[in-house]
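J.: Just to be clear, the model below is a prediction. Sequence and coordinates:
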Amino acid sequence: MKILVLNCGSSSVKFQYIETDLERIDRNQDRRLASGLVEKIGTPEAAASCQAGERTTRDVGLEIADHHAAIAKVVAMLQQTGALADPKEIHALGHRVVHGGDFQSSQLITAEVLKKIEEAVELAPLHNPHNLKGYTVCRELFPDRPHVAVFDTAFHQTMPARAYLYALPYDHFRRHRIRRYGFHGTSHRYVAYRFRQLAERSKEETNLITCHLGNGCSITAIQFGRSVDTSMGFTPLEGLVMGTRPGDFDPAIVLHLMAKLEMTPQEVSAMLNRHSGLYGLSGESNDMRQILESARQGHERARRAVDVFCYRLRKYIGAYTAVLGQVHGLVFTGGIGENAPRVRDLACEGLNWLGYELDRAKNEKAVGVEADISGRDSRVQIFVIPTNEELLIARDTYRVIEGVGDH
Ligand code: ADP
């Protein structure tokens, strides 16, 4: 089955065109027919690129006014690169939707499902409206094809109440749905599945800690294939230090800043979403590659930013070890997790006693590839696994349509 996977943001559309079916899933031989991006939608610098095998196309300075024009461009590029002869070849569409409210799994988008996604807009105002816009355009372009929504939150719906409840007045949970939801679920689920495959372990005998370290960062405790705790919360602000977000901090700081500096809610939101994290601490960049380089050159603030980032990560690894009791695997993924041996090294520093021991040489060598980086005496298998959310979206789309279960 050929599936177009779409991830629509406020000004970008990322896509992959993937062929998958049960046999391909079993053999891990799904085919990526094409992938690409339309970015800076609605600006004079709009750009679009697509790669299909050896063939690539890239245009800049395009007139792409909105998501409709962007998705039409995606289809045109798929045809231009030869990935698609006729749009009718697309069997189904898989849509990344950040917030799925209470949905526990991916869903065929029906009128009822759509209503629930719309209800979740208030829980993810920065993401769901754009995801929905992409879906609405695709429904117009492909009205007779099945559309499936794959949610970032769904994987974490298995968390027990003790993990998802905040110790706030209970009415906030009951009436206003204020609780931990967790995000990056598709990525955590993918690397957990891949870990079990690589380590030849079954779901029922595996406890895992997965670290997704990209621009956004989160860590999840997975018991027997089910998420039992995760660091992002009601929104993707909580937990680990991120590129521009602070992760955990005392909420009274917000009240203090509003009172003392007369900051408005919009200003506080900008501070927490765009001016904090690695960027806020280093004062130079949100990009871990650049910060590691500055730290290496002896820049104090960059060094400290790396230190705070890795210390927070180490604390969470310790906490989730306590949550799980026994841990079989620790997985690093996302741009930083896959490519920054120094961060992995610092995150595991001093955790030998808990059973985590890296092999220095293997860790240094593991950049952007699947690798076992555990030391000889490590009680926990430590892996680097590049994430592949699009692949999981394509597989889920296939499974939902065909009515076949998960791994
Ligand atoms: P997103 O969350 O937007 O998908 P990515 O998963 O691509 O982002 O991660 C982006 C982060 O990965 C950035 O902080 C970037 O600096 C970092 N990164 C990418 N390559 C490297 C590298 N070789 N060394 C260190 N950090 C890297």
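T.: Great, that's in hand.

J.: May I have the phi/psi pair for whichever residue of the chain sits closest to the ligand?
T.: Of all residues in the chain, residue 335 sits closest to the ligand, at 2.1 Å by CB to the nearest ligand atom. For glycine as for every other residue, the C-beta is placed from the backbone atoms N, C-alpha and C. Main-chain torsions, residue 335, degrees, to the nearest 10: phi -50, psi -40.

J.: And for residue 227?
T.: Note on residue 227: its backbone torsions stand at phi -70, psi 130 [degrees, to the nearest 10].

J.: Helix, strand, or coil at the residue nearest to it when sequence neighbours are not counted?
T.: When the adjacent residues along the chain are set aside, residue 227 lies closest to residue 156, with 4.6 Å between them (CB to CB, 6 or more residues apart in numbering). With DSSP: H, G, I helix; E, B strand; the rest coil as the basis, residue 156 sits in helix.

J.: Please list the residues of this structure that sit near the ligand.
T.: Counting by CB under 6 Å from any ligand atom, the residues of the chain lying close to the ligand are 214-216, 243, 287-289, 292, 334-336, 339-340.

J.: Now, the residues you listed that are in helices?
T.: Of the positions in the residues of the chain next to the ligand, 288, 289, 292, 334, 335, 336, 339 sit in helices, assigned by DSSP state H.

J.: now, the most widely separated pair of these?
T.: Pairwise distances across those peak at 14.9 Å for 292 and 334 (criterion: CB to CB).

J.: Tell me, how many residues neighbour residue 137?
T.: Neighbours of residue 137 under the rule other CB atoms under 10 Å: 20.

J.: Just the element for it, please.
T.: Assigned by DSSP states H and E, residue 137 belongs to helix 128-141.

J.: for that helix, the distance to its chain's centre please.
T.: Relative to its parent chain, helix 128-141 has a centroid offset of 20 Å by CA atoms, centre = their mean, to the nearest Å.

J.: Let's test this: mean pLDDT of that helix, rounded?
T.: Averaging pLDDT along helix 128-141 gives 94.

J.: Which neighbouring elements make contact with that helix?
T.: For helix 128-141, the packing partners by 3 or more CB pairs under 8 Å, 6 or more residues apart in numbering; DSSP states H and E come out as strand 2-8, helix 67-80, strand 92-97, helix 111-119, strand 147-151.

J.: List of residues touching it?
T.: Under the criterion CB atoms under 8 Å, 6 or more residues apart in numbering, residues 4, 6, 8-10, 13, 67-68, 71-72, 75, 87, 93, 95-99, 109, 114, 117-118, 120-121, 147, 149 lie in contact with helix 128-141.

J.: The residue of the chain closest to the ligand: what's it in contact with?
T.: 213, 214, 215, 288.

J.: can you rerun that using 6 Å?
T.: Residues near residue 335 by CB atoms under 6 Å, 6 or more residues apart in numbering: residue 214.

J.: now do the one 3 residues further on
T.: For residue 338, the contact set (CB under 6 Å, 6+ apart) comprises 368, 384, 386.

J.: List the ones among those that fall in helices.
T.: Among the contacts of residue 338, no member falls in helices (DSSP H).

J.: which residues of the stretch 201-350 of the chain fall in helices?
T.: For the stretch 201-350 of the chain, the helices defined by DSSP state H, counting those that start in this stretch cover 252-260, 265-274, 277-282, 288-296, 300-324, 334-339, 341-348.

J.: Would you reformat these as a markdown table and include mean pLDDT?
T.: Formatted as a markdown table, the helices of the stretch 201-350 of the chain follow (pLDDT from 0 to 100):
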| stretch | mean pLDDT |
| --- | --- |
| helix 252-260 | 96 |
| helix 265-274 | 94 |
| helix 277-282 | 98 |
| helix 288-296 | 97 |
| helix 300-324 | 98 |
| helix 334-339 | 97 |
| helix 341-348 | 98 |
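
J.: Adding distance to residue 356 as columns, could you present those in a markdown table?
T.: Output for the helices of the stretch 201-350 of the chain, formatted as a markdown table (distance: least, CB to CB, whole Å):
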| stretch | distance to residue 356 |
| --- | --- |
| helix 252-260 | 32 |
| helix 265-274 | 31 |
| helix 277-282 | 23 |
| helix 288-296 | 21 |
| helix 300-324 | 7 |
| helix 334-339 | 15 |
| helix 341-348 | 5 |
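
J.: where does residue 37 fall, helix, sheet strand or coil?
T.: strand.

J.: Please tell me how far it sits from residue 50.
T.: Distance, residue 37 to residue 50, by CB to CB, to the nearest Å: 8 Å.

J.: Kindly report the same for residue 130.
T.: Residue 130 is 20 Å from residue 50, where distance means CB to CB.

J.: Then residue 313?
T.: Distance, residue 313 to residue 50, using CB to CB: 35 Å.

J.: Show me the contact partners of stretch 30-46.
T.: For stretch 30-46, the surrounding residues in contact (CB under 6 Å, 6+ apart) are 11-20, 24, 47-52, 62, 64, 70, 73, 78, 83, 391.

J.: and what of stretch 72-86?
T.: For stretch 72-86, contacts defined as CB under 6 Å, 6+ apart pick out 15, 17, 33, 34, 38, 48, 50, 52, 55, 57, 87.
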